[in-house]
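> Pasted the sequence and its predicted model underneath.
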Amino acid sequence: MTHDQELQFGKSLTALLPSTKGYARTLLSPAQHYHSLYEDFAQQAMLKAWEHRDQFVPGTNLKAWLFTILRNTIVSHHRRYWRELVTDKAADPQMADETASPESAVSARESLNRLDLLTKEHQEVLTDLGWHGLSYRQLAKRHSVPAGTIKSRVARARDVLAELAGRDELRYGRRIAKRMAAIDVSVAAAR
């Protein structure tokens, strides 16, 4: 880009700042905790557009290109935010440890036992997605298969886990029903 082209690009970009802020405000609903950050997101998008100005094709729609950058910036923030939230809660010593309850420990152990019942490929896919945070596309490259195959494996693994969890609930429910029946019999016998 020549100096004149950079000046013209900068003027065009600056002229789009108010509409970029408005679009950011619409993308962030008022109920979200970071709704007030719409100006920050708009400025980040403007900065990214300026840094990558050589990738803009003259004659195309600058506003659409800028709005795409803004949308991707917000989506990336969403993807990172929940991980940061979980990490921050885990690192905060003042917060109550929800995993300290015996029920949680038993539930976690049962979940791990169910995971062990899956096939090796289903285990790998679920742990890579859930634990390591890889995307379907990254897993597809790693396993040299289409992304649809990875999605199918995940769906089948989730179905098996749901079925196994249902069996546990049924077994647990039967155990409670047997105990209640035994209590009813002992109460009736005591009368």
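Perfect, I can see it now.
> Now Gln117, what are its backbone angles?
Careful, residue 117 is Leu; it's not Gln. phi -80, psi -10 (degrees, to the nearest 10).
> show me what contacts it?
160, 164 (CB atoms under 8 Å, 6 or more residues apart in numbering). Any C-beta I mention is one placed from the backbone N, CA and C, and that applies to glycine too.
> What of the one 5 residues further on?
The contact partners of His122, taken as CB under 8 Å, 6+ apart, are 153, 156-157, 160.
> so it is in which element?
helix 120-130 (DSSP states H and E).
> Now the following helix or strand past that helix: buried residues?
Sequence order places helix 136-143 as the next helix or strand after helix 120-130, per DSSP H and E. Within helix 136-143, the residues scored as buried using 16 or more other CB atoms under 10 Å are 136, 139-140.
> Please apply the same query to stretch 120-134.
122, 124-126, 128-129, 134.
> Gln8: which of those is nearest?
Leu134 (41.9 Å; CB to CB).
> for the protein, which residue is closest to the average position?
Per CA atoms, centre = their mean, the C-alpha nearest to the average position across the chain is that of Arg79, at 5.5 Å.
> quick revisit: what mean pLDDT does the helix holding His122 get?
Across helix 120-130, the average pLDDT comes to 82.
> ok so, going back, could I get the contacts of His122 as TSV with pLDDT?
Listed next are the contacts of His122 as TSV, based on pLDDT from 0 to 100:
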residue	pLDDT
Arg153	86
Arg156	86
Ala157	85
Val160	83
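> Compare those residues and tell me which is most surrounded.
Arg153 (22 neighbours; other CB atoms under 10 Å).
> Need the three-state assignment for that residue.
helix (DSSP: H, G, I helix; E, B strand; the rest coil).
> Isn't it up against Gln123?
No. Here Arg153 lies out of contact with Gln123, judged by CB atoms under 8 Å, at a distance of 10.2 Å.
> Mark which of the contacts of His122 are part of helices, please.
Residues of the contacts of His122 located in helices (DSSP state H): 153, 156-157, 160.
> circling back to that earlier point, just put the buried residues of helix 136-143 in CSV and tack on pLDDT and distance to Leu112.
Output for the buried residues of helix 136-143, formatted as CSV (pLDDT from 0 to 100; distance: CB to CB, whole Å):
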residue, pLDDT, distance to Leu112
Tyr136, 84, 24
Leu139, 84, 21
Ala140, 87, 26
